[in-house]
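[1] below are the sequence and a predicted model for it; my questions follow.
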Amino acid sequence: MRLMRRYDTIVIGSGPGGQKAAIQAAKLGKKVAIIERNPYIGGAGLHTGTLPSKTLRETALFLAGFKQRAVFGFQFTLGRDVTLSELMYKKTEVIRRQMEVIIDQFNRNNVEIIYGEASFLDPHRIFVKDKGAGEELYAEFIIIATGSRPARPGDIPFDSEHIYDSDSILSIDKIPQSLTIIGGGVIGCEYACIFAALGVMINLVERKERLLSFADEEIVNSLIYWMRHSGVTLRLNEEVVDIKIEEPNRVITHLKSGKVLASEKLLYTMGRVGNTDRLNLEAIGVKVNNRGLIKVDDDHRTPLHHIYAIGDVIGFPSLASTSMEQGRRAVCHAFQKEGLTCELAGYMPLGIYTIPEISMVGETEEGLSAKGIPYEIGCAYFQEVARGQITGDVHGMLKLIFDRSTRKLLGVHIIGEKASELIHIGQAVMNYGGPVDYFKDVVFNYPTLSDAYKEAALNGLNKL
């Protein structure tokens, strides 16, 4: 009879959060296993979410660049019979190389990979089933990093031919002439921009009065301007009451306001649900909410304090970057040692890969006003910065928010290409409690987009 294998840590799920959790535990000298139900490593972030969608975005940027930047003298026409797989030719190679990197990291750190479906038998035992066979595993600490999947309400006739979710849209046969997108959250806005850049007529339906309500309103208004400029029709404060498929190639969407939208395809992006339904959490008394998400404390512990949950399975912000740090932090907390930090490094940035992209860190104007905190802002526009003129980035803007009395930097908000890269300069200053004066006094390379920080700081300080 085979003895039950025992581990210090078992991580369920091999996405970004699970990877970092497993490697961090291995770095502490622990015996670690990572369980993955798919026959490949990487989770949704690598195979159906982050990497594939960003690959498509880069393709759209490339094609749109040829169409928009007439200053370089290029012309480009996108053929209507071009398939998405042709536009994403690079995806397979990127995924293959990234999988090799991850597996190599696991091997170098002695992290054991176990393929199969995991479910709890009791608080310390996990049953792993693979191709009919199965075995029991024991762990002192367990980290749930199973991620999430697109929500699929029963009244939406998904068929992956006319109506898609954010996973199945990547297998669409050809670029449609028109597309209705239900949901104006991060995923909906990103895909609206990507397909609009490819010449698709877009209807974006959002039940709230504004897009991306957590982001700076001025930045979002700038995004909306450029979305409309690229051919996106926004249907804000609208509610969907019925969706029907009419042949050939027509999806009819009825809105509560009486509007009727017709399009060749439809993409539904209203929320995601946690991958918890097959974990048998009932056996250990861990509950989930109506979206399948697990509630955790500030240290990412479930009510059973030796079981942690991280990443998309615990909800907002559901980003690969934060999931990685949550995985590291959970392991550090589980194996507390002197000098071992368990804290996240201060302010965490958010990146939204629309066209143009948005990134932010810290407070918004709306948030500070609600708290009654006096502030000042400084702005710089990329079209007024030499590098922005060179690259033709007329979309870009950088906003600094700082305390009027102490001049402490409170928030940074950027729209424009490379926003998700530029944000880290402001993040570093904020994490060390620096004032806006830092940007006034520092020397940046010239010409660079980073120089917008100096322009924004001077703009703000001149208002004091």
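    Sure thing, it's come through.

[2] got a list of what T253 touches?
    180, 182, 203, 205, 240, 242-243, 260-263, 266 (C-beta atoms under 8 Å, 6 or more residues apart in numbering). For every residue, glycine as well, the C-beta is placed using N, CA and C.

[3] again, only this time at 6 Å
    180, 243, 261 (C-beta atoms under 6 Å, 6 or more residues apart in numbering).

[4] name the element the closest residue in space to the last one that isn't next to it in sequence belongs to?
    Once flanking residues are discounted, L261 sits nearest to T253: 4.3 Å by C-beta to C-beta, 6 or more residues apart in numbering. T253 is located in strand 250-255, with elements delineated by DSSP states H and E.

[5] same check, this time on L223
    helix 217-229.

[6] helix or strand right after that helix?
    Where DSSP H and E defines the elements, the next helix or strand beyond helix 217-229 is strand 232-236.

[7] quick check: buried residues in stretch 125-142?
    Going by neighbour count (16 or more other C-beta atoms under 10 Å), the buried part of stretch 125-142 is 125-128, 137, 139, 141-142.

[8] hang on, the earlier thing: strands paired with the strand holding T253, and their directions?
    Paired neighbours of strand 250-255 in the sheet (DSSP bridges): strand 240-246 (antiparallel), strand 260-263 (antiparallel).

[9] okay if I get those as JSON lines plus mean pLDDT and distance to L368?
    Output for the strands paired with strand 250-255, formatted as JSON lines (pLDDT from 0 to 100; distance: least, C-beta to C-beta, whole Å):
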{"stretch": "strand 240-246", "mean pLDDT": "95", "distance to L368": "34"}
{"stretch": "strand 260-263", "mean pLDDT": "97", "distance to L368": "38"}
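
[10] who touches stretch 216-231?
    196, 201, 211-212, 354, 358, 364, 395, 413, 415.

[11] hang on, the earlier thing: for M348, find the nearest of the strands paired with strand 250-255.
    strand 240-246 (32.6 Å; C-beta to C-beta).

[12] what lies in contact with that closest one?
    In contact with strand 240-246 (C-beta under 6 Å, 6+ apart) are residues 156, 162, 182, 251-254, 256.

[13] one more: stretch 285-293?
    So stretch 285-293 is contacted by 273-274, 276, 294, 302, 315 (C-beta under 6 Å, 6+ apart).

[14] from the centroid of the chain, which residue is nearest?
    Geometric centre of the chain, nearest residue: L319, 4.2 Å, by C-alpha atoms, centre = their mean.

[15] once you drop chain neighbours, what's closest to that residue?
    Here the residue nearest L319, using C-beta to C-beta, 6+ apart, is L350, at 6.9 Å.

[16] what about that neighbour, neighbour count?
    Close neighbours of L350, defined as other C-beta atoms under 10 Å, add up to 19.

[17] likewise for T391?
    Neighbour tally, T391, other C-beta under 10 Å: 18.

[18] turn the contacts of stretch 285-293 into JSON lines, including distance to I187, secondary structure and pLDDT.
    Formatted as JSON lines, these follow (distance: C-beta to C-beta, whole Å; DSSP: H, G, I helix; E, B strand; the rest coil; pLDDT from 0 to 100):
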{"residue": "V273", "distance to I187": "14", "secondary structure": "strand", "pLDDT": "96"}
{"residue": "G274", "distance to I187": "16", "secondary structure": "strand", "pLDDT": "96"}
{"residue": "T276", "distance to I187": "20", "secondary structure": "coil", "pLDDT": "97"}
{"residue": "I294", "distance to I187": "21", "secondary structure": "strand", "pLDDT": "97"}
{"residue": "T302", "distance to I187": "27", "secondary structure": "coil", "pLDDT": "97"}
{"residue": "G315", "distance to I187": "15", "secondary structure": "coil", "pLDDT": "93"}
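
[19] can you tell me which of the residues you listed is nearest K408?
    Nearest to K408 among those, with distances taken as C-beta to C-beta, is G315, at 29.9 Å.

[20] mind pulling up the pLDDT for the closest residue in space to that closest one that isn't next to it in sequence?
    Nearest non-adjacent residue to G315, counting by C-beta to C-beta, 6+ apart: L293, 4.7 Å away. On the pLDDT scale, L293 is placed at 97.

[21] distance of L293 relative to H47?
    Applying C-beta to C-beta, to the nearest Å, the value for L293 to H47 is 21 Å.

[22] now I142: phi and psi?
    phi -130, psi 140 (degrees, to the nearest 10).

[23] partner residues bridging it?
    Beta-bridge partners, per DSSP bridges, of I142: I10, I307.
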